[in-house]
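1. build me a model from this:
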Amino acid sequence: MKDKIIEQSTLTFSNDLSKTKITRKIIDKMVVALNDHRIDDIGEFFSNDLNWFGNYGCGTKLGLKEFQENWQVPFQKAFSEKVCVDEVRLFEGEWGAAFGRQEAVHSGIFMGISPTNKKVNIRYMDFWQTKDNKIINNWVMVDFPDVLRQLGVDIFKGEGWEKFDSQKNIIKEYSLDHNEIESFIYRITEEIWENKKVENIRNYYSSDVIVRSPSITTYDCDTVVKETYKTLEQFPDRQLIGEDVISFGSTKSKYLSSHRILSTGTHLGDGFYGKATGKKVIYRVIADCLIVNNKIVEEWIIRDEASILNQLGFKVSDFVEQRISDGTFKKNDIEFTKNSFIKKNIMSNCENTYAKKYKEALTNLIEGQSFFEKKAYERSAQLYWFGGELTNTIEKIYEKWNLFLSCFKILKCEVSNSIALDQNNMRPRAALRWRLICLHNSNGFFGLPTNKEIKIYGISHAEFGKQGIIREFILIDEISIWKQILL
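-> Residues are numbered from 1 along each chain as shown. Below is the predicted model:
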């Protein structure tokens, strides 16, 4: 065996390197055609004598007709809304290669599994050989076992070799999944809110999902659906513009996402904010989700209620007083704040370098260690504060925090979750979910001191520049604070 030389790469011995541009052009156009779901005329790109070699479970298709009838047709019956995303492409002569994912909805029978209407990611690798401006051979690996996993079937019955993976390898894998996570979060948000497919919430949220906010905690998917309908009745033209998704975890198991949204709408219906005013509003929301096997099992959400009320013509304290007097807000509402950032499902090892940096910067600022904070922020830093305010420069940011915190004696500052992301040619970003336990003991922004213990819940995002934090987004539910003060 030692003396035997094994011949390698025999299929590319006669590769015509002058054909690279032609091959690239064929593949580029072919992928566009597949995304247009073309079947009958796909022969524009594939030879009639095509050989299509798939991995076990996919089969081998000899000739264009078999490829169309025994691959394209059943695939599109099983998966609708299919979009192919090549993440990498390489071309050399008459050969091309790619790997990527197809995003699709399981709307037909697949491997004996009835339609679930779940959104799935179908991972693949492709090698193509071209001749005479057509693809003549196509070698394909499609990760059907992972698709089945997303549909709730583990064909390896727990014996997959993922069990041998070290935590170090898992963390490396996590970072590669961010594009899929971001795509999933953006797509379901648009589908549910802007396309008004509210009932599809049931496809993406577990039946016993826990949704926590500083105002209320709910424990089932039915309530999420009902509350979504109520919001759309008040703001029927609501749009949710995704600003960022910071995530940590793996689509193959579970992950955390922190989704920052710029929400717009017109107040056209009666509801929580009173009689319809016809006024347009724009405000931020940050929603943290824990997702297991493509189902949201826990969500933590904060809306910029102060910004909404200001634009509708209310002062937050006056609004809360009105709702207390008419019986909408009751004393036992404050009990809900105790559940705001509890976690039922624990996800460990989330913190990386930037998550730790942001956690230290925020806690130091809140606890008054400004000497350390000035090294954490850039001089030109911007702060997007709750109430829709924008503050520029580090000095003004300190003034804003000092004005807010001067009403309270900080008894405890704790961070529930800190994650960060450094990829996609963007600045490194971090997300924190945090709580302050305070004593309302001083006159100021929140009126005369009541000496009540107040719990303040926040979710925040930060972007890092060359020397420190360059942009920061702080969301706090001001209604929740005033309820605790006034009730």
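
2. so where is the protein shaky, pLDDT-wise?
-> Residue ranges of the chain with pLDDT under 70: 1-2, 165-177, 348-349, 369-374, 424-425.

3. now the helices: where do they sit in it?
-> Assigned by DSSP state H, the helices in the chain fall at 20-35, 64-67, 73-78, 144-150, 167-176, 178-189, 201-204, 221-234, 305-312, 316-325, 353-366, 370-376, 394-405, 478-486.

4. those: which one's closest to residue 281?
-> With distances scored as Cβ to Cβ, the stretch of those nearest to residue 281 is helix 305-312 (4.4 Å). For every residue, glycine as well, the C-beta is placed using N, CA and C.

5. and the closest one, what does it pack against?
-> strand 280-292, helix 316-325, helix 478-486 (3 or more Cβ pairs under 8 Å, 6 or more residues apart in numbering; DSSP states H and E).

6. now those in JSON lines, with mean neighbour count and distance to residue 271?
-> Putting the helices and strands packed on helix 305-312 into JSON lines (neighbours: other Cβ atoms under 10 Å; distance: least, Cβ to Cβ, whole Å) gives the following:
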{"stretch": "strand 280-292", "mean neighbour count": "21", "distance to residue 271": "13"}
{"stretch": "helix 316-325", "mean neighbour count": "17", "distance to residue 271": "12"}
{"stretch": "helix 478-486", "mean neighbour count": "22", "distance to residue 271": "14"}
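
7. redo those as CSV? Include distance to residue 241.
-> As requested, the helices and strands packed on helix 305-312 are exported to CSV (distance: least, Cβ to Cβ, whole Å):
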stretch, distance to residue 241
strand 280-292, 9
helix 316-325, 24
helix 478-486, 22
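
8. residues of stretch 376-394 that come out buried?
-> 376-378, 381-388, 391, 394 (16 or more other Cβ atoms under 10 Å).

9. switch the residues you listed over to TSV; also include distance to residue 452.
-> Output for the buried residues of stretch 376-394, formatted as TSV (distance: Cβ to Cβ, whole Å):
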residue	distance to residue 452
376	31
377	32
378	37
381	33
382	33
383	27
384	29
385	24
386	21
387	22
388	27
391	28
394	32
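
10. how's this structure carved up into domains?
-> Annotated domains of the chain cover 10-164, 168-339, 353-486 [automatic domain parsing].

11. can you put those domains in a markdown table and add distance to residue 346?
-> Listed next are the domains of the chain as a markdown table, based on distance: least, Cβ to Cβ, whole Å:
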| stretch | distance to residue 346 |
| --- | --- |
| domain 10-164 | 20 |
| domain 168-339 | 9 |
| domain 353-486 | 10 |
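
12. to residue 4, which of the ones you listed lies closest?
-> Proximity to residue 4 (Cβ to Cβ) singles out domain 10-164 among the domains of the chain, at 15.5 Å.

13. need the helices of the chain in TSV with distance to residue 8, can you?
-> Shown next, in TSV, are the helices of the chain (distance: least, Cβ to Cβ, whole Å):
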stretch	distance to residue 8
helix 20-35	21
helix 64-67	28
helix 73-78	33
helix 144-150	29
helix 167-176	28
helix 178-189	33
helix 201-204	46
helix 221-234	54
helix 305-312	63
helix 316-325	71
helix 353-366	41
helix 370-376	53
helix 394-405	59
helix 478-486	66
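
14. which one of those helices lies closest to residue 84?
-> Nearest of these to residue 84, taken as Cβ to Cβ: helix 20-35 at 5.4 Å.

15. buried residues in that closest one?
-> By neighbour count with 16+ other Cβ under 10 Å, helix 20-35 contains the buried residues 20, 22, 23, 24, 26, 27, 30, 31, 34.

16. what's near enough to touch the nearest residue to residue 449 once chain neighbours are set aside?
-> Spatial nearest neighbour of residue 449, excluding adjacent residues (Cβ to Cβ, 6 or more residues apart in numbering): residue 441 at 4.9 Å. Neighbouring residues of residue 441 by Cβ atoms under 8 Å, 6 or more residues apart in numbering: 407, 408, 409, 449, 451.

17. count of neighbours near residue 36?
-> 9 (other Cβ atoms under 10 Å).

18. same question but for residue 343, I mixed them up
-> Per other Cβ under 10 Å, the neighbour tally for residue 343 reads 14.

19. thought it was touching residue 350?
-> No: here residue 343 lies out of contact with residue 350, judged by Cβ atoms under 8 Å, at a distance of 11.3 Å.

20. now for the two: what residues contact both?
-> With Cβ under 8 Å, 6+ apart as the test, residue 343 and residue 350 both reach residue 417.

21. closest one of the buried residues of helix 20-35 to residue 129?
-> residue 23 (8.8 Å).

22. quick one: contacts for that closest one?
-> Residue 23 is in contact with 91, 93, 94, 95, 96, 128, 130, counting by Cβ under 8 Å, 6+ apart.

23. now for those residues: which two are most distant?
-> 93 and 128 (11.5 Å).

24. and the two? which has more neighbours close in?
-> Neighbour totals were compared for residue 93 and residue 128, and residue 128 leads with 22 against 17 (other Cβ under 10 Å).

25. how about the contacts made by the more buried one?
-> Residue 128 neighbours (Cβ under 8 Å, 6+ apart): 23, 26, 27, 95, 96, 97, 135, 137, 138.

26. is the fifth one in a bridge, and if so with what?
-> Residue 96 forms beta bridges with residue 91, residue 128, as assigned by DSSP bridges.

27. my guess is it contacts residue 125. True?
-> No: counting by Cβ under 8 Å, residue 96 stays clear of residue 125, with 11.8 Å between them.

28. those two: who's more crowded?
-> Shown here are residue 96 and residue 125; by other Cβ under 10 Å, residue 96 has more neighbours (24 against 15).

29. need the contact list for that one.
-> Counting by Cβ under 8 Å, 6+ apart, residue 96 touches 23, 24, 26, 27, 89, 90, 126, 127, 128, 130.

30. what about residue 350, neighbour count?
-> Residue 350 has 18 neighbouring residues, counting by other Cβ under 10 Å.

31. pull the contacting residues for residue 181.
-> Shown in contact with residue 181 (Cβ under 8 Å, 6+ apart): 245, 247, 249, 251, 255, 257, 291.

32. mind putting those residues in JSON lines, distance to residue 313 included?
-> Listed next are the contacts of residue 181 as JSON lines, based on distance: Cβ to Cβ, whole Å:
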{"residue": "245", "distance to residue 313": "33"}
{"residue": "247", "distance to residue 313": "37"}
{"residue": "249", "distance to residue 313": "42"}
{"residue": "251", "distance to residue 313": "44"}
{"residue": "255", "distance to residue 313": "40"}
{"residue": "257", "distance to residue 313": "34"}
{"residue": "291", "distance to residue 313": "38"}
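
33. residue 220 touches residue 208, doesn't it?
-> Yes: between residue 220 and residue 208 there is a contact at 6.0 Å, judged by Cβ under 8 Å.

34. more crowded one of those two?
-> Each of residue 220 and residue 208 has its neighbours counted (other Cβ under 10 Å); residue 220 has more, 15 against 10.

35. so which of the domains of the chain gets nearest residue 3?
-> Among the domains of the chain, the nearest to residue 3 by Cβ to Cβ is domain 10-164 (20.0 Å).

36. the nearest residue to residue 87 once chain neighbours are set aside pairs with what?
-> Once flanking residues are discounted, residue 87 sits nearest to residue 100: 4.3 Å by Cβ to Cβ, 6+ apart. Beta-bridge partners recorded for residue 100 (DSSP bridges): residue 86, residue 124.
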